[in-house]
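# Quick one, fold the following:
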Amino acid sequence: MKTNNMTELFQKFAENRLSTEDISDLKKHINIASDDELDSYLLELWKNETGKKVNPDILQEMKLRIDEANASRKWSRTMLLRKVSRVAAIIAVPLLATFMYFMAERIPAPAASDMIVSVGSGERVSIVLPDGTKVNLNSETKLSYNVNDFNRKFREVSMGGEAYFEVAKNEKVPFIIKTNSMDVKVLGTVFNLQARDEELTTEINLIEGKVALKAGNTQQEVLLFANQRAVLDKRTGSIKVFKDNPATAAPWLKGELVFHATPIRQVIRAIERSYGVSIQLTQNNLPDNDLFTGTFSTDNLQETLEILKMHYKFDYRINGKQVAIDNFSVNKKQQLN
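Alright, predicted model coming up:
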């Protein structure tokens, strides 16, 4: 096997330039490779890809997984795949994660085998699914799918949190997203889906194509088209459709937090998720009925808190990942636009 050819094929995959013939060639390379060749190539991908700035603790965990696998032949390649691929997806190492996806086709895996991508607080991750679907996952988001069946019998994923999907077209195999409150069925389209268990609504912004929605508790079905937004009220099971501006559909991808008449408790929770911090109010006196409208950049926590102080009165202290807020009260004289 020529490693350079394989490297070129993986690079083309990462850039979404693989032809049908290229995909066939890449699978052949993997299928005929020896265990030692694949071990060597996996380590080479590790060296080439982990120059990116990521959480050092996660990097160390992944390196330990690889080192342990090479040190002990008691580990099967399936075990290596299961452990390392999860970490590869979490830290968004595209070529390494892609290698794992192709390896999944080479290795017979247990019947109940789920790939789970879990994004922590203050993190964002981009992944490519085996069918070529691109997914950007926002902080505190979890996505899972069955490695054995995905893109064969069906394309089904489960999700909780918020994610931006660019679904690869395949009219014969619909793409289905299951959340705790709503199912989304698509053929090939682009949209942002927000489905956080802690919030009272599930929301989808459709940028391209069309999707079919089904409410979990009422079974109400709605067909959504481009430049529309659907909001599911979890309390009633009702889905309402609105006109939408695709330019504002997923502000978090641009590093922004945007709020329109949002309860202040949800605003505080969104700041926690975005920055990976815990906010403690000493008096725990957030008003339940106060709505906030404004926009924050997600690259500076102190700046965000200072902007918030234009609307509310409070003192704050930042200590690492802990934020303490004292003397919180509503300042009706100021209003952000």
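# going forward, measure contacts and count neighbours with C-alpha atoms only.
Will do.
# Give the bridge partners for residue 210, please.
For residue 210, the beta-bridge partners are residue 225 (DSSP bridges).
# does it really touch residue 229, like I thought?
No: taking contacts as CA atoms under 8 Å, residue 210 lies outside contact range of residue 229: 11.2 Å.
# And those two? Which one has more around it.
Each of residue 210 and residue 229 has its neighbours counted (other CA atoms under 10 Å); residue 229 has more, 23 against 20.
# Please list all residues in contact with that one.
Counting by CA atoms under 8 Å, 6 or more residues apart in numbering, residue 229 touches 203-206, 241-244.
# same thing but 7 Å
By CA atoms under 7 Å, 6 or more residues apart in numbering, the contact list for residue 229 reads 204-206, 241-244.
# Show the buried residues in those.
Neighbour-count burial within the contacts of residue 229 applies to 204-206, 241, 244; the criterion is 16 or more other CA atoms under 10 Å.
# buried residues in stretch 226-246?
Those would be 226-234, 237-239, 241, 244, 246, for stretch 226-246 by 16+ other CA under 10 Å.
# In this protein, what helix or strand scores lowest on average pLDDT?
Using mean pLDDT, DSSP states H and E, the weakest-scoring helix or strand in the chain turns out to be helix 77-90, at a mean of 45.
# Could you list which of the buried ones among the contacts of residue 229 belong to strands?
Applying DSSP state E to those, the entries found in strands are 204-206, 241.
# Any chance of the residues you listed in JSON lines with distance to residue 311 as columns?
Formatted as JSON lines, these follow (distance: CA to CA, whole Å):
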{"residue": "204", "distance to residue 311": "29"}
{"residue": "205", "distance to residue 311": "28"}
{"residue": "206", "distance to residue 311": "32"}
{"residue": "241", "distance to residue 311": "31"}
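# for those, which one is nearest residue 272?
Of all those, residue 204 has the smallest distance to residue 272: 22.1 Å, by CA to CA.
# can you give me the strands for the stretch 201-337 of the chain?
Secondary structure of the stretch 201-337 of the chain (DSSP state E, counting those that start in this stretch): strands at 201-208, 210-215, 221-225, 228-233, 238-243, 256-263, 278-281, 291-297, 312-319, 322-330.
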